[in-house]
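Peer 1: I'd like to go over a predicted model; first the sequence, then the structure.
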Amino acid sequence: MKDILTAPFLIEMIRTTANMYAHGWDERNGGNISLMLSESEVSEYIDVNRVLRTIPAGFKAPSLEGKYFLVTGTGKYFKNVQYAPDVNLGLLRLADGGSNAQLLWGFADGGTFTSEFPAHMMSHAARLTVNPSNRVIMHCHPTNLLAMTYVHSLDEKAFTRTLWQMCTECIIVFPDGVNVLEWLLCGTNEIGEATAEKMKTSRLVVWAQHGLYGAGADLDEAFGLIETAEKAAEIYLKIAHLPLVNTITDEQMHLLEGRYGVKAREGYLA
Ligand code: 2HA
Ligand code: ZN
């Protein structure tokens, strides 16, 4: 059996958490990530028949039964993942109709999965129905997007259009736009269900006055998506208080659609 610390998925998870911390998106224990893995990937490094602990998930996710996830731990700091991956991360498999998590590696201090586990698992289930290649759900507290939820309308079309207008790349990177949830109590099944519902129509879901959820086929894609939206929000905050002289018009957005083969969310462009 190979050393799990040499596994590409573990190395990438460590690099991603460190990078997100460095971006200031994951202060203290803020943020959480789940990465879906295949049994063949995992079984090169661990004995998949050796269950260390069974942890009740607190919900049911039947479509995820038997699936493997590398997840960040509750109360753990992204900045520390690189120094003690086996304490700050856990590798688990959902069992019993997706109602239990079987810990196979990690959480070595007796810890458990992120408090946002319901939102992650429900979002994976939702994304897989619209994109079978989705493997990552990523939550963080990007400064500018979070700030924007205090001063901008939370209407999804208006929020999306503002972000698209802030950098030319935006409509290419997230033509499906961003969905927005008004403030809800975090860590609950309710916010999990609401997030998953929003994930069916967009890979980005803003949690007002809290942060952001992103989804992607891999860690790079989810990170890049969040990075692009966060950049747009940063531009917005730099200009929002100034007289607007120029913008990207809907006509120009249509040119981008044609050139880059993307289709903007139905009804979002004139
Ligand atoms: O884990 O970000 O939403 C800390 C959080 C909860
Ligand atoms: Zn959070």
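Peer 2: Right, received. Where do you want to start? Ligands and ions are numbered 1, 2, ... in the order given.
Peer 1: in the stretch 51-200 of the chain, what residue is nearest ligand 1?
Peer 2: Closest approach between the stretch 51-200 of the chain and ligand 1, counting by C-beta to the nearest ligand atom: residue 186, at 4.4 Å. C-beta here means a position set from N, CA and C on the backbone, and glycine is covered the same way.
Peer 1: pLDDT score for the closest residue to that residue other than its chain neighbours?
Peer 2: Distance criterion C-beta to C-beta, 6 or more residues apart in numbering; nearest residue to residue 186, sequence neighbours excluded, is residue 210 at 6.2 Å. Residue 210 is assigned a pLDDT of 98 by the prediction.
Peer 1: My guess is residue 210 contacts residue 139. True?
Peer 2: No - under the criterion of C-beta atoms under 8 Å, residue 210 is not in contact with residue 139, lying 9.1 Å apart.
Peer 1: gap between the residue nearest to residue 186 and residue 184?
Peer 2: From residue 210 over to residue 184 the distance is 8 Å, taken as C-beta to C-beta, to the nearest Å.
Peer 1: One more: residue 204?
Peer 2: According to C-beta to C-beta, residue 204 stands 17 Å off from residue 184.
Peer 1: of these two, who's got more company?
Peer 2: Neighbours around residue 204 and residue 184, counted as other C-beta atoms under 10 Å, are more numerous at residue 204. The numbers are 26 against 15.
Peer 1: How about that one: what's its closest non-neighbour residue?
Peer 2: The nearest residue in space to residue 204 (C-beta to C-beta, 6+ apart) is residue 178, at 4.2 Å.
Peer 1: Contacts for stretch 179-188, please.
Peer 2: Counting by C-beta atoms under 8 Å, 6 or more residues apart in numbering, the neighbours of stretch 179-188 from elsewhere in the structure are 115-116, 118, 149, 154-156, 159, 190-191, 194-195, 198-199, 201-202, 204-210.
Peer 1: and the end-to-end length of that stretch?
Peer 2: Stretch 179-188 stretches 19 Å from its first residue to its last (C-alpha to C-alpha, to the nearest Å).
Peer 1: Over to stretch 32-49?
Peer 2: 26 Å.
Peer 1: Show residues contacting that stretch.
Peer 2: The contact list for stretch 32-49, computed with C-beta under 8 Å, 6+ apart, reads 1-4, 7, 9, 13, 16-17, 67-72, 91, 93, 104-105, 114-117, 120-121, 124, 134-139, 219.
Peer 1: And stretch 2-16, by the same measure?
Peer 2: Applying C-beta under 8 Å, 6+ apart, the contact partners of stretch 2-16 are 33, 35, 37, 41, 44-46, 70, 81-82, 85, 89, 91, 105, 218-220, 223.
Peer 1: Nearest residue to the middle of this structure?
Peer 2: The central residue of the chain, meaning the one whose C-alpha is nearest the mean C-alpha position (C-alpha atoms, centre = their mean), is residue 138 at 2.1 Å.
Peer 1: what about the nearest residue to it once chain neighbours are set aside, neighbour count?
Peer 2: Nearest residue to residue 138, sequence neighbours excluded (C-beta to C-beta, 6+ apart): residue 222, at 4.3 Å. Applying other C-beta under 10 Å, we find 26 residues neighbouring residue 222.
Peer 1: who's in contact with residue 222?
Peer 2: Under the criterion of C-beta under 8 Å, 6+ apart, the contact partners of residue 222 comprise 136-138, 203, 214-216.
Peer 1: Per-residue confidence, residue 144, what does it come out as?
Peer 2: Taken from the predicted model, the pLDDT recorded for residue 144 is 98.
Peer 1: what about the strands in the protein?
Peer 2: Counting by DSSP state E, the chain has strands at residues 32-37, 53-56, 68-72, 89-95, 100-106, 136-140, 178-181, 204-207, 211-216.
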